[in-house]
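Asks: Here is a sequence together with a model predicted from it:
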Amino acid sequence: MCLAVPGRVLDIGEKDGTRMATVDFGGVQKEVCLEYLPDLQVGEYAIVHVGFALQRLDEESAKQTLELFAQLGMLQEEFGDPWEQAAAAGGEPWPFTDDPGSAPGPAPALAAPQEEVQP
């Protein structure tokens with residue numbers, strides 16, 4: 001599912017001649033194109049869909065929407081790791097971590113098939 005998600009502009013710059021911003025979506029930061037909202041400023045909120053800021057939004061509405069999305073698990077669905085989500089859907093724990101300080105559990109043992117040797 002692709003949601004239009006409110007986010008707060010953290011910084012603005014230019015990339016290959018296009019006005020871009022780093023936008024925070026309740027803890028997840030993504031690069032967003034600002035071409036549809038050329039006057040959007042740092043600290044303001046916007047509705048973002050597929051990497052484009054589409055509409056300015058007031059802070060109160062943005063925070064309420066982000067809180068609701070988080071409660072419904074929609075932020076994880078939208079921004080989470082698809083491999084991790086697939087593992088969870090299959091009932092398996094995700095064996096990897098993004099935290100370099102924590103060691104993952106033991107890797108599953110992989111062994112080549114053994115042929116039985118008949119005397």
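Replies: Happy to help now that I have it.
Asks: Which stretches in the protein count as helices?
Replies: Ranges of helices within the chain are 59-71, 74-79, 82-89, based on DSSP state H.
Asks: Could you tell me the model confidence score at His49?
Replies: We note a pLDDT of 91 for His49 in this prediction.
Asks: Need the phi and psi values for the nearest residue to it once chain neighbours are set aside.
Replies: Of all residues not flanking His49 in the chain, Ala4 sits nearest, at 4.1 Å (CB to CB, 6 or more residues apart in numbering). (Each C-beta comes from the backbone N, C-alpha and C, glycine too.) Reported as degrees, to the nearest 10, the phi and psi values for Ala4 are phi -90, psi 120.
Asks: Ala4: how many residues sit nearby?
Replies: As a burial measure, Ala4 scores 15 neighbours (other CB atoms under 10 Å).
Asks: Give the rounded mean pLDDT of the top strand by length along the chain.
Replies: Determined from DSSP state E, the single longest strand within the chain is strand 5-15. When pLDDT is averaged over strand 5-15, the result is 94.
Asks: same check, this time on stretch 70-77
Replies: Across stretch 70-77, pLDDT averages out at 70.
Asks: related to what we said a few turns ago, please name the residues that touch the residue nearest to His49.
Replies: Listed by CB atoms under 8 Å, 6 or more residues apart in numbering, the contact partners of Ala4 are 47-49, 54.
Asks: Perfect, I'm done here.
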